[in-house]
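> Quick one, fold the following:
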Amino acid sequence: MAALPLAFVAAGGWYWVTGRRWASTENAYVQQNKVLVAPEVEGRIAEVRVGQNQTVKPGDVLFRIDDAVYRIALEKADGAVALARLQVEELRTRLKDAELKADTARNTLAFQEVQFGRQDKLRRTGNTTEAQYDSARHDLDLARQAVAEAEQGVADALVALGGDADIETDKHPSVLGALAAQNSARLDLERAVVRAPTTGTVSQVANLQVGQYIGSGSPAMAIIDTTSTWVEANFKETDLGHMRAGQTAELTLDAYPDVTIKGHVESFGGGTGAIFSLLPAQNATGNWVKVVQRVPVRIALDEPTSLPLKAGLSVGVDVDTGFVRPLPAFLRTALDTLGLGASPEKLAAK
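The predicted structure follows:
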């Protein structure tokens, strides 16, 4: 008969030691990244290539926007590039013409300087008239002015080439601008075909219809990224005292109650759920009632599972915190009597 009370003592000691080792919650759900797909250009839907709940991979075509406007814009940009290149070649020809005129003006100046020198000598000896002397000086002034104008023409032509007579055609600023516009037009044309950014399951396709006009940046459908799966468990704040990142967890899904999935604590939320609600609670009132808050804890799966996990499925989570409470003195005495020892770790192991 004495064994029965001792058994109750042992059971009570075991419960006391291990009672707070596991932190559990049913307020947990499967989470997967939800990617909203929005076109980067506007236009009318010309074709929808996917159906509801279809699995896609990166690069698969989802839908196509009528690209007639964007093809015309690209052709216009191609013409602008060709025109800009032609204009650069015209600037090169203009520079050569200006340099040729400058050389001619310098040669004329040299000739007029010689002519004026002769007239100056003849004037000193009285063998020329004042009219001939004035004419020679006037011609020299005109030649000097022509050289200045020709050199200014060379400078202007050089500036038009960006200050470099040997600049590559496609490095000229006007050509660079035209090429940028061409690349932008080509990119817009490519963006008229909307492709899947990730692997996942397509959702909300029913709202997308051929002929519908859609604006740039307007969400058209969603893709549930099946390559990123985790569990968000909302634990009570009273369960977090001994919970740490890396601790093991056991996951049980309501959809698959006979299967236990192994995981571990990955991270803790930056605040309680109430902090991030649309209308946070205002507690600075006289009618305040304390409510236990919950903190989101991210649980990572230890390895991929073959189960078709869906975002939003309910999950039961048990986290092994490894916490062992010390025994009260009377339980230690009773356990010593049973030969179990007073170590909580030994009791937990037994």
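> can you pull the contacts of the residue lying closest to Thr108 once chain neighbours are set aside?
Leaving aside its sequence neighbours, Thr108 sits nearest to Ala143 (C-beta to C-beta, 6 or more residues apart in numbering; 4.9 Å). Just so you know, the C-beta spots here come from the backbone N, C-alpha and C atoms, and that holds for glycine as well. By C-beta atoms under 8 Å, 6 or more residues apart in numbering, the residues touching Ala143 are Ala105, Thr108, Leu109, Phe111, Gln112, Glu113.
> repeat for Gly269
Per C-beta under 8 Å, 6+ apart, neighbours of Gly269: Val295, Pro296, Val297, Arg298.
> Apply 10 Å and report the result again.
Glu232, Asn234, Phe235, Ile275, Phe276, Arg294, Val295, Pro296, Val297, Arg298 (C-beta atoms under 10 Å, 6 or more residues apart in numbering).
> follow-up on the earlier one: might you specify the subset of the contacts of Ala143 located within helices?
Of the contacts of Ala143, the ones assigned to helices by DSSP state H are Ala105, Thr108, Leu109, Phe111, Gln112, Glu113.
> Make CSV from those residues and add pLDDT, neighbour count and distance to Val81 to it.
Below are these laid out as CSV (pLDDT from 0 to 100; neighbours: other C-beta atoms under 10 Å; distance: C-beta to C-beta, whole Å):
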residue, pLDDT, neighbour count, distance to Val81
Ala105, 91, 20, 36
Thr108, 91, 18, 41
Leu109, 89, 20, 42
Phe111, 91, 13, 46
Gln112, 89, 20, 47
Glu113, 90, 14, 48
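> Show me the beta-bridge partners of the nearest residue to Glu303 once chain neighbours are set aside.
Distances taken as C-beta to C-beta, 6+ apart put Lys262 closest to Glu303, at 7.4 Å, once the chain neighbours are dropped. With DSSP bridges as the criterion, Lys262 is bridged to Glu250.
> Begin at 262, not 1, for the rest of this chat.
Taking 262 as the first residue, the last one we looked at is Lys523.
> Lys523: neighbour count?
By the criterion of other C-beta atoms under 10 Å, Lys523 has 12 neighbours.
> how close does it sit to His503?
Using C-beta to C-beta, to the nearest Å, we find Lys523 at a distance of 20 Å from His503.
> Show me the shaky parts of the protein.
262-281, 539, 541-547, 549, 586-611 (pLDDT under 70).
> Could you chop it up by domain?
Using automatic domain parsing, the domain ranges for the chain come out as 281-293+488-589, 304-324+455-479, 331-448.
> May I ask you to confirm that Arg559 belongs to a helix?
No - read with DSSP: H, G, I helix; E, B strand; the rest coil, Arg559 is strand and lies in no helix.
> Pull the contacting residues for it.
Gln292, Trp491, Val492, Glu493, Ala494, Ala506, Gly524, Val526, Glu527, Ser528, Phe529, Gly530.
> By neighbours, which of those residues wins?
Ala494 (28 neighbours).
> export stretch 415-422 as CSV, just CAs?
Backbone C-alpha positions of stretch 415-422 (Å, rounded to 0.1, in the frame of the first residue of the first chain) are rendered in CSV as follows:
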residue,chain,number,x,y,z
VAL,A,415,36.7,74.9,-86.3
ALA,A,416,36.1,75.4,-82.6
ASP,A,417,32.3,75.4,-83.0
ALA,A,418,32.5,72.2,-85.1
LEU,A,419,34.7,70.6,-82.5
VAL,A,420,32.3,71.5,-79.7
ALA,A,421,29.5,69.9,-81.7
LEU,A,422,31.6,66.7,-81.6
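> buried sites along it?
Buried residues in stretch 415-422, counted by 16 or more other C-beta atoms under 10 Å: Val415, Ala418, Leu419, Ala421, Leu422.
> I'd assumed Asp425 was in contact with the third one.
Yes - at 8.0 Å, Leu419 and Asp425 qualify as touching, with contact defined as C-beta atoms under 10 Å.
> what about the strands in the protein?
Taking DSSP state E as the test, the strands found in the chain are 283-298, 304-309, 316-317, 322-326, 454-456, 461-464, 474-475, 482-497, 509-514, 517-529, 555-562, 575-581.
> What I need now is those strands written out in a markdown table, including distance to Asp381 for each item.
Shown next, in a markdown table, are the strands of the chain (distance: least, C-beta to C-beta, whole Å):
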| stretch | distance to Asp381 |
| --- | --- |
| strand 283-298 | 87 |
| strand 304-309 | 80 |
| strand 316-317 | 92 |
| strand 322-326 | 81 |
| strand 454-456 | 81 |
| strand 461-464 | 94 |
| strand 474-475 | 84 |
| strand 482-497 | 92 |
| strand 509-514 | 108 |
| strand 517-529 | 97 |
| strand 555-562 | 99 |
| strand 575-581 | 109 |
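> To His399, which of these lies closest?
When these are compared by C-beta to C-beta, strand 304-309 sits nearest His399, at 70.1 Å.
> Note down every partner strand of the closest one and its orientation.
Assessed with DSSP bridges, strand 304-309 is paired to strand 322-326 (antiparallel), strand 474-475 (antiparallel).
> Report the buried residues of stretch 310-318.
Under 16+ other C-beta under 10 Å, the buried positions of stretch 310-318 are Val311, Gln315, Val317.
> Can you verify my assumption that Gln508 contacts Val578?
No - contact criterion C-beta under 10 Å: Gln508 and Val578 do not qualify, at 11.3 Å.
> And these two? Which one has more around it.
Using other C-beta under 10 Å as the criterion, Gln508 and Val578 rank with Val578 on top: 24 against 16.
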